[in-house]
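Visitor: take this sequence and fold it.
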Amino acid sequence: MNIDDLHVFTYVARLGSISDTATALHLSQPAVTQIVRRLENQLGLTLFVRSRQGTTLTTAGESLFREAQLVLEQYKKFQEQAAYMAGHPARHVTIATYPSVVSNQLASWMETMDEHQRLQHVQQYNLTIREGSYDEVHQWALSGSAQLIITAEQQRIQGFHATSLLEDEYVLVCSRTLPAPVALEDLSQYRFVMPLSGCKEWIAPYVRHQGLRIQQVMEVETIHSTLAMTKALEGITILPANSLSEDWRRYFYTQALPDSIRRSLLIQWAPQHHSDPLLMQLVDQLHTFATTSYTSI
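Guide: Numbers count the residues shown, from 1 in each chain. Okay, the predicted model is just below:
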């Protein structure tokens, strides 16, 4: 067992998916599976239950997940103290956002930034990425536990500074078991999974305004869980186009919507950070990398 194994374990626990963890950490799915199995064998415990709906923690896994988070936090502090004593401390910055943004956008931006820093022979940031719901990310920003947050436009915090990272549009997401294309007048024939996490506030008025009839069967908190349930039910949903990773695209096709609504992702920071040149440099880098790496589905 090593720190990297615990890091992978906590990612699988948060994302509820081997494939999403592999994408986020730039590992292969077999490598992530092997790490989880090795950890389970070393501990003599089953940490996850695997099903068609995803990968969920067992009771033992939930308990050890909390302990693993504490170990990783202490390890981070150990690294910072060692760097400080060696005379070349890296600046610690926490970025908070949603799981779908981490796996589908932030991971590639970080890869680009990491390559840039290697070319410059400098490591300026010691980053922590926190993933949570809309409400959690909002609270982390207000409490100061995250210096930067990446959110949807509708979660803009009054008094905070912000800059746009990317825009994409909502699309109709359909199980590949359904005939393509799905006619809008026939939507009510298929089971519809409504995503929450800020999506419903845009989708529900859009559906009413367009006069669309849907057969809503459930509401689901996260985008990942929405996709998992839509796949299991062989149904349909509406999501931002860039919320689908390569792995999910194997199970779904997408259709443009008439007069579609658009989603903007922002990076936000509190007023007291605006005069911090190093933090503003990170904001500029993320804006640049988000713009250059943006691709539409």
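
Visitor: can you pull the buried residues of the helix or strand encompassing residue 203?
Guide: Using DSSP states H and E, residue 203 falls within helix 200-210. Across helix 200-210, burial judged by 16 or more other Cβ atoms under 10 Å covers 202-203, 206-207. Placement of C-beta: from N, CA and C, glycine included.

Visitor: want to throw those into JSON lines with pLDDT and distance to residue 147?
Guide: Below are the buried residues of helix 200-210 laid out as JSON lines (pLDDT from 0 to 100; distance: Cβ to Cβ, whole Å):
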{"residue": "202", "pLDDT": "83", "distance to residue 147": "28"}
{"residue": "203", "pLDDT": "90", "distance to residue 147": "31"}
{"residue": "206", "pLDDT": "91", "distance to residue 147": "34"}
{"residue": "207", "pLDDT": "91", "distance to residue 147": "37"}
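
Visitor: list just the nearest of the residues you listed to residue 258.
Guide: Checking the buried residues of helix 200-210 against residue 258 with Cβ to Cβ, the nearest one is residue 206 at 9.9 Å.

Visitor: where exactly do the strands run in the stretch 151-297 of the chain?
Guide: For the stretch 151-297 of the chain, strands defined by DSSP state E, counting those that start in this stretch occupy the ranges 161-175, 191-195, 215-220, 236-240, 252-255, 262-269.

Visitor: number of nearby residues for residue 246?
Guide: 10 (other Cβ atoms under 10 Å).

Visitor: and what of residue 52?
Guide: 7.

Visitor: distance of it from residue 221?
Guide: 18 Å (Cβ to Cβ, to the nearest Å).

Visitor: now residue 258
Guide: From residue 258 to residue 221 the distance is 28 Å (Cβ to Cβ).

Visitor: look at those two and report which has more neighbours.
Guide: A direct count of neighbours by other Cβ under 10 Å for residue 258 and residue 221 places residue 221 higher, at 12 against 8.

Visitor: I'd guessed the more buried one sits against residue 194; true?
Guide: No. Applying Cβ atoms under 8 Å as the test, residue 221 and residue 194 come out as separate, 10.6 Å apart.

Visitor: low-confidence ranges, the stretch 151-297 of the chain, go.
Guide: Per-residue confidence for the stretch 151-297 of the chain (pLDDT under 70) gives these ranges: 198, 292-297.

Visitor: that older thread, how about the strands of the stretch 151-297 of the chain in JSON lines, adding mean neighbour count and distance to residue 36?
Guide: Shown next, in JSON lines, are the strands of the stretch 151-297 of the chain (neighbours: other Cβ atoms under 10 Å; distance: least, Cβ to Cβ, whole Å):
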{"stretch": "strand 161-175", "mean neighbour count": "19", "distance to residue 36": "28"}
{"stretch": "strand 191-195", "mean neighbour count": "22", "distance to residue 36": "27"}
{"stretch": "strand 215-220", "mean neighbour count": "14", "distance to residue 36": "24"}
{"stretch": "strand 236-240", "mean neighbour count": "26", "distance to residue 36": "27"}
{"stretch": "strand 252-255", "mean neighbour count": "17", "distance to residue 36": "26"}
{"stretch": "strand 262-269", "mean neighbour count": "20", "distance to residue 36": "30"}
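
Visitor: with distance to residue 152 added, can I get the ones you listed in TSV?
Guide: Below are the strands of the stretch 151-297 of the chain laid out as TSV (distance: least, Cβ to Cβ, whole Å):
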stretch	distance to residue 152
strand 161-175	11
strand 191-195	12
strand 215-220	17
strand 236-240	8
strand 252-255	19
strand 262-269	6
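
Visitor: so which of these gets nearest residue 42?
Guide: Of all those, strand 215-220 sits nearest to residue 42, with 33.9 Å by Cβ to Cβ.

Visitor: who are the packing partners of that closest one?
Guide: In terms of contacts (3 or more Cβ pairs under 8 Å, 6 or more residues apart in numbering; DSSP states H and E), strand 215-220 is packed against strand 191-195, helix 223-233.

Visitor: out of the ones you listed, which is closest to residue 4?
Guide: helix 223-233 (23.0 Å).

Visitor: what comes into contact with the closest one?
Guide: Here helix 223-233 makes contact (Cβ atoms under 8 Å, 6 or more residues apart in numbering) with 15-17, 20, 52-54, 98-100, 103, 173, 175, 191, 193-195, 197, 199, 217-218, 220, 235-237, 239-240, 243-244, 248, 251-252.
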